[in-house]
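Undergrad: Okay, predicted coordinates and the sequence, questions at the end:
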Amino acid sequence: MDEKVQVPMMSMKATVPNMKNKTFSSLILPYKNERYQMFVFLPNHDNSTADIVSEISLDNLNYWLDTYTESVLDISFPKFKMEYTSNANASLTNLGLGIAFSNDADFGKINNDTPLKIRRVVQKTFIVVDEDGTDAAAVT
């Protein structure tokens, strides 16, 4: 799979935690609310994404976290936005909440005049990475 695709890129200079090892280089980008962070991994020339994934373990993650140091980097990164929408009815039913979707649902404390049931529960998630930073959210 050596197909190349042109994508919009962003460039910035920033002070970010980063580290390198024999398999990859990595940096940490904060989300806009700064409570969460995005970990970015770039395989070294002789390695692949699969090589990085094969090294992921709780012990390695804890070790790697101790090796990040902050420095000023010139960062070039693809700009992107991803959205995903899913229907959570099946998952909620599997968790034992299926009655809420049936005619046997009892939401009388919300509205005693009209029988209510839940038709569907939808979750929409997104992530945006651009010059303004990294932003993500989920709404159900």
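TA: It's in. Numbering: from 1, shown residues only.
Undergrad: Distance of the residue located most distally from the centre of the chain relative to residue 107?
TA: In terms of distance from the mean C-alpha position of the chain, residue 113 ranks first, at 42.1 Å (C-alpha atoms, centre = their mean). According to C-beta to C-beta, to the nearest Å, residue 113 and residue 107 sit 11 Å apart. The way it works is simple: take the backbone N, C-alpha and C, and place the C-beta from them, glycine included.
Undergrad: follow-up on the earlier one: quick check on the residue farthest from the centre of the chain: phi, psi?
TA: With angles defined as degrees, to the nearest 10, residue 113 shows backbone torsions of phi -80, psi -40.
Undergrad: quick one: pLDDT of it?
TA: Residue 113 is assigned a predicted lDDT (pLDDT) of 87.
Undergrad: Next: residue 118.
TA: Reading off the model, residue 118 has pLDDT 94.
Undergrad: One more: the one 3 residues further on?
TA: Each residue has a pLDDT score; the one for residue 121 is 95.
Undergrad: ok, it - contacts?
TA: 87-89, 92, 140 (C-beta atoms under 8 Å, 6 or more residues apart in numbering).
Undergrad: and those as TSV, adding distance to residue 63, neighbour count and pLDDT?
TA: Below are those laid out as TSV (distance: C-beta to C-beta, whole Å; neighbours: other C-beta atoms under 10 Å; pLDDT from 0 to 100):
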residue	distance to residue 63	neighbour count	pLDDT
87	39	11	95
88	36	14	94
89	41	17	94
92	38	16	94
140	35	9	81
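Undergrad: when you check these against the helices, which ones overlap?
TA: 89, 92 (DSSP state H).
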